[in-house]
Structures are given as C-alpha cells and as structure tokens.
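[1] Based on what follows, work out the 3D shape:
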Amino acid sequence: MTRGAVAARPGLAIALRRPAMVGLALVLASVLLVAAGTCVGSTGWEPLWRGGDAAAAILWEIRLPRSLGAWLAGAMLGLAGAVAQGLFRNPLADPYLLGSATGASFGVALLLLLLGATPEGTLAWRAHAGLAGGGFAGALGAVLVTLALARGVQQTLRLLLAGVVVGMVFGALTSLVMLRSPDVLRAMQGFLLGTTGFIGWSGVALLAGVLAMLVAAAVALSPGLDALALGEATAASLGVPLQALRLGLVAVMALATGAAVAQVGLIAFIGLVAPHLVRAAAMPTHRWLLPLAALAGGVLLLAADVGARWILAPQELPVGVLTALLGGGYLLWLMHRRLR
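    Numbering: from 1, shown residues only. Purely as a prediction, here's the structure:
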C-alpha cells in the first residue's frame, strides 16, 4: 500500500463519519420533537401520558398523528428541495418551481367551488376525505402542464421557465375562483397559510409510504446528480442518460411536493433551507445529501409546528407563516455573513 493511500484513508473515514453524525443528530432531534409534539396542546405545554381515556384519545388520535404527519411532510419538502437544487444546479431552487404549489391551490379552490364552500362542508371534507385529493390532483396537473410547455425534460432552462409561467397562471386562476366565491377564500385560509392540524393516521400512512418510495428512488438517482453537478456535457461524456435522469428527478420532486402540499398546505422555505443546513454541516455527496435533507426538513417543519402551537397558546399560529419568518431570517443572515 502506498503512502498516499494510507494518508487518504483517514480523510475518507472523516468524510464518511461526518454525514453519519449529522444523520444521527437529526434522528435524535426528530425523536425529541415528536415527544414534545405529544406534550403541546391547545393550552400550551400539557403532557397527557398519565391521563384517563379522554387524554389517551387526544394523545393517540390528535397529537401523535399530527406530529408524525408534520415530520413526514417536512421530510418530503426537504427531499424535493435537494432534488430541485441538484436538478437545476441552483442553490436557490425550491420544490415549487414546477408550479406544484399554485396547482395544488387551484385544485383545492376548484373543489370547494364545485362542492360548496360552507364551513360545515369544509369541515366534513377535512374530517372524512379531506382536501388532499384536490390538492394532489392540482399539483400533478400543474407539473404535467409544465412538462407539456417545456416539451419534455430535454432542456433544464426551458423546464424552469415553463414552471414559472405555469405557477403564475395557476395562481391567477386561483384568485379568480376566490373572487367568484368569497366563501372559498375563507375556507382556504388554513391551506394557504399552512396547517398540520388535519392530519390523521390515514394521512400519516400515506405520507410514510410515499416518502419511503421516493427516498429509495432519489438515492438510486444520486450518482447521476453528482455527475450533473459537473455540467451537462461532462455528465453526458460519463455516460449518464440525461433525459431519463431528468425525468426521474422531476417525478420524485413532483410526487413529494404534491403529497406534502396536499396534506399540510403551502409551507414556505422548508425545501429551500433544509439542503443548505445539511451542506453547511457535512458537505456530503448527493447519496448522503438527499436522505439528510429529508431528515432536516422533517425536523424543521415539526419544530415549527410545535412552536406554532406553543408560542401564543391557546391561540395557534399558522405554521406556514412561522416557517416563512424563520426561513427568511436565516437566508438574510446567511447573505449578510457571505457579504462580510
């Protein structure tokens, strides 16, 4: 064995150890936050571990699925953000670039308009079928329109521009629906501001299954993302099938974003900030970055959800507003630090 190989082995061990340590820290933070989420209710800090039947019902049917659902939705947004930044090779890319967020808003608004946006009807749909179906259908429809306008996934820049245009158009359509029926605006307030209060065990099971499938698919595509980071010409010279790679990445990003938005509404900055935090802590390759970004996204959204329930208890803040404030503040601090 050469001296260079011996010297390189400790460096390789350190490079592998740091992402593993970051992952372990994120897992521990997730467990602690889930436990905290089960202790925070409508009146603030209120552990129910030793309560009666009513307390057990609140713990197992409301707080625990809400906490797990918030973590899973945040993990999906973190994964989608890491995929978007790798696909577009832009650290400012977020999961909503393909128009999925405004498409989900339009799907929910149209569903409420067709079914009648009365408060009683909205609560019934939330409790039984929820608005997740309309949101997911709208998000998927917007992504398909983006792909049609971009004529596939051959050119990343055209795909990005098409996503921006589709987002603006679907946002305008949503505004028209809400102008047509003011009741829709009142019914959609929670969706537009972001909320995790309507996630049940069925939503948790759905999010968990989709997340496991998408993480496995993203990790399988991670070598292509590493090659794509060197440039499209270099990736093509290495034998990477660029069209199939882009199609797979777009599918992962669209499904993750659509499933998360359908369950929790429009949550800002999670998909943008989570990959940045992971890169700052470990600087991993995409094989590590993608699952670590999912863990970081889950931690961020669950922490924001616990804070939204606790800060002004018994009044609850919209979790999307809190993530926007914290995420925007973090990016402003990061920009100020780099300018210095």
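[2] Low-confidence stretches in the stretch 201-340 of the chain?
    Counting by pLDDT under 70, the stretch 201-340 of the chain contains low-confidence residues at 340.
[3] all strands for it, in order.
    Assigned by DSSP state E, counting those that start in this stretch, the stretch 201-340 of the chain shows no strands.
[4] Let me see the confidence value for residue 17.
    The predicted local distance difference test score for residue 17 is 68.
[5] what do you get for residue 113?
    At residue 113 the predicted local confidence, pLDDT, stands at 80.
[6] give the contact list for it.
    Applying CB atoms under 8 Å, 6 or more residues apart in numbering to residue 113 gives the contacts 177, 180, 181, 184. (Each C-beta comes from the backbone N, C-alpha and C, glycine too.)
[7] Count the neighbours of the third one for me.
    For residue 181, the tally of surrounding residues (other CB atoms under 10 Å) stands at 15.
[8] Which residue is the nearest non-sequential neighbour of residue 80?
    residue 95 (3.6 Å; CB to CB, 6 or more residues apart in numbering).
[9] Pull the contacting residues for that neighbour.
    Counting by CB under 8 Å, 6+ apart, residue 95 makes contact with 77, 80, 81, 83, 84, 101, 253, 256, 257, 260, 271.
[10] Swap in 10 Å and give it another go.
    Going by CB atoms under 10 Å, 6 or more residues apart in numbering, residue 95 touches 76-85, 101, 253-254, 256-258, 260-261, 267, 270-272, 297.
[11] One more: residue 94?
    77, 80-81, 84-85, 88, 101, 257, 268-273, 275.
[12] 6 Å instead?
    Residues near residue 94 by CB atoms under 6 Å, 6 or more residues apart in numbering: 81, 271, 272.
[13] Among these, which one has the most neighbours?
    Going by other CB under 10 Å, residue 271 tops the contacts of residue 94 with 33 neighbours.
[14] Same list (the contacts of residue 94) but as a markdown table, adding distance to residue 230.
    Shown next, in a markdown table, are these (distance: CB to CB, whole Å):
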| residue | distance to residue 230 |
| --- | --- |
| 81 | 21 |
| 271 | 24 |
| 272 | 23 |
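[15] If we only consider these, which is nearest to residue 41?
    Of all those, residue 271 has the smallest distance to residue 41: 28.4 Å, by CB to CB.
[16] low pLDDT regions in the stretch 51-200 of the chain?
    For the stretch 51-200 of the chain, residues meeting the criterion pLDDT under 70 lie at 51, 116-131.
[17] how about 80 then?
    By pLDDT under 80, the weakly predicted segments of the stretch 51-200 of the chain are 51-54, 114-134, 152-154, 181-190.
[18] And the helices in it?
    For the stretch 51-200 of the chain, the helices defined by DSSP state H, counting those that start in this stretch occupy 53-58, 64-88, 100-115, 119-127, 132-149, 156-180, 182-187, 189-193.
[19] so what's residue 293 up against?
    Neighbouring residues of residue 293 by CB under 6 Å, 6+ apart: 78, 79, 82, 274, 275, 278.
[20] which pair in the residues you listed spans the largest distance?
    The most widely separated members of those, counting by CB to CB, are 79 and 278 (11.1 Å).
[21] The contacts of residue 113, buried ones only, as a PyMOL selection?
    Buried residues within the contacts of residue 113, by 16 or more other CB atoms under 10 Å, are selected in PyMOL with:
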select buried, resi 177+184
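[22] Of the contacts of residue 113, which is the nearest to residue 190?
    residue 184 (12.5 Å).
[23] For residue 108, see how far away that closest one is.
    9 Å (CB to CB, to the nearest Å).
[24] Residue 183 too?
    The gap separating residue 183 from residue 108 is 13 Å, by CB to CB.
[25] quick one: which of these two has more around it?
    Taking other CB under 10 Å, residue 183 and residue 108 do not tie; residue 108 has more neighbours (30 against 17).
[26] from memory the more buried one sits against residue 191, does it?
    Yes: shown here, residue 108 and residue 191 form a contact pair, counting by CB atoms under 6 Å, at 5.5 Å.
[27] more neighbours, residue 79 and residue 278?
    Using other CB under 10 Å as the criterion, residue 79 and residue 278 rank with residue 79 on top: 35 against 27.
[28] Please report how far that one lies from residue 29.
    According to CB to CB, residue 79 stands 17 Å off from residue 29.
[29] again with residue 161
    In terms of CB to CB, residue 161 sits 38 Å off from residue 29.
[30] who's more crowded, those two?
    residue 29 (17 against 14).
[31] Where does that one sit: helix, strand or coil?
    What DSSP: H, G, I helix; E, B strand; the rest coil gives for residue 29 is helix.
[32] Any idea how many residues pack against residue 148?
    11.
[33] so who does the most centrally placed residue in the chain touch?
    With distances taken as CA atoms, centre = their mean, the residue of the chain nearest its centroid is residue 77 (1.3 Å). Shown in contact with residue 77 (CB under 6 Å, 6+ apart): 95, 260, 270, 271, 297.
[34] Nearest to residue 219, out of the helices of the stretch 51-200 of the chain?
    helix 64-88 (10.0 Å).
[35] can you give me the angle that closest one makes with helix 156-180?
    Here helix 64-88 points in a direction 140 degrees away from that of helix 156-180 (axes from the mean of the first three to the mean of the last three CA atoms, to 10 degrees).
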